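sequence plus predicted model, see below.
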Amino acid sequence: MNTDTQKNSFRLTQLSQGGGCGCKIAPAVLEQILQKSGDEKIFPELLVGYEHADDAAVYEMSDGNCIISTVDFFTPVVDDPYDYGRIASANALSDVYAMGGKPLIALAVLGFPVEKLSLGAAKEMIRGAKSVCEMADIPLAGGHSINISEPVFGLSLTGIVSKDNICRNHTAKSGDLIFLTKALGTGIISTAIRKGKASDQDVELAVLQMTQLNNIGSVLAEKKLVSSMTDVTGFGLLGHLIEMCDGSGLSAELYYKKVPLLPGLDKFISSFVFPDNTYRNWNAFENKVQGVNGPEFITLCDPQSSGGLLFAVSPHKIEDLKKVIPDIGEPIGQFTSRKGVLVSVQ
């Protein structure tokens, strides 16, 4: 077997320990890192930093507009390098949309094991990224690459948002209804892909969802329809909802039967095909939750890659919301005043 054939024989998902946003550092570990990183100088123009685990940093300019800055990259969630590039790029763009902004320019972040993979795979990742940047109507203007043992890919992004339209993850209000724009389960499907248990249909549905842009976020912000917004990624729905509750000083009721799920997950869950980091997420959050008495913790803690927007809407704005997103569906929960636990699953 020649070198090129050997390189082409590797599947992307076999080259990494974890896939997609599931490879994030555990919430408790990340908290320790940030707490011990030292004091910082105060910058009045920095409106959003990392204090509340928001999706991006926001820096105020002198004209009433703000610059959004973010970077996001992860290891492969699928074996097709073109789709991997598309998914990683849509996932990175979501951070800008979740802040209520619009992207302006992208730079690629590529870590590539040149001894293991054909260079054609890297070209396909970039091609996938370009296709998604074209969808977002922004240039992929350059980037940075390193030779590394596991493939990683993503984008560094600069965006813009009016100061009045900035969306945060800790500004929900009691009584707000909770909506989610994408189904859960991409972490489970990605694990099934890695283990060779996913059908072509499973992969197709997951890729279709993960490559959809969350650009509706900027529209929701412009129309002042949301009280608070974030996107669901590596900490799962439960983790990101807890962040919203904790930051807002509220609790939430979560209607599990209303939570959208990708089809066909049961066959994987019953065979214990789901990410190891599902347990990591649950261990971090279980003492803040009540009402989870069975395997529902697997979907609620499933690390999502390019997941949906999770946002809070005042009940009196629901009709306006449905005009913007006619197929939004029913709310998956509601924020309440602070109670004994942060999230009550019903």
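That came in fine, so what should we check first?

ranges for the helices of the stretch 201-346 of the chain?
With helices called from DSSP state H, counting those that start in this stretch, the stretch 201-346 of the chain shows them at 216-222, 236-248, 265-269, 277-285, 296-300, 318-324.

out of those, which one sits most buried?
helix 236-248 (a mean of 24; mean count of other C-beta atoms under 10 Å). Glycine gets a C-beta too; all of them are placed from N, C-alpha and C.

is it true that residue 145 lies in a helix?
No: under the criterion used here (DSSP: H, G, I helix; E, B strand; the rest coil), residue 145 is strand, not part of a helix.

closest one to residue 342 among the helices of the stretch 201-346 of the chain?
helix 236-248 (4.3 Å; C-beta to C-beta).

now find how far off-centre that closest one is within its chain.
Taking C-alpha atoms, centre = their mean, to the nearest Å, one finds helix 236-248 lying 13 Å from the centre of the chain it belongs to.

can you tell me the average pLDDT over the helix or strand harbouring residue 130?
Element membership for residue 130 (DSSP states H and E) is helix 119-135. Taken as a whole, helix 119-135 has a mean pLDDT of 97.

re the thing from before, averaging pLDDT over each of the helices of the stretch 201-346 of the chain, which comes out lowest?
Across the helices of the stretch 201-346 of the chain, helix 277-285 has the smallest mean pLDDT, namely a mean of 92.

number of residues surrounding residue 11?
13 (other C-beta atoms under 10 Å).

with residue 183 instead?
19.

if I look at it, how far off is residue 155?
According to C-beta to C-beta, to the nearest Å, residue 183 and residue 155 sit 24 Å apart.

and for residue 123?
To residue 155, residue 123 is 17 Å away according to C-beta to C-beta.

between the two, who's got more neighbours?
residue 155 (29 against 13).

bridge partners for the more buried one, pull those for me.
Beta-bridge pairing of residue 155 under DSSP bridges involves residue 72, residue 108.

that one contacts residue 88, doesn't it?
Yes: with contact defined as C-beta atoms under 8 Å, residue 155 reaches residue 88; the gap is 7.2 Å.

now the common contact residues for those two.
72, 73, 129 (C-beta atoms under 8 Å, 6 or more residues apart in numbering).

how does this structure divide into domains?
3-165, 177-345 (automatic domain parsing).

and the helices in the stretch 51-200 of the chain?
Under DSSP H, counting those that start in this stretch, the stretch 51-200 of the chain gives helices at 81-98, 119-135, 186-194, 200-210.

closest to residue 307 out of those helices?
helix 186-194 (6.8 Å).
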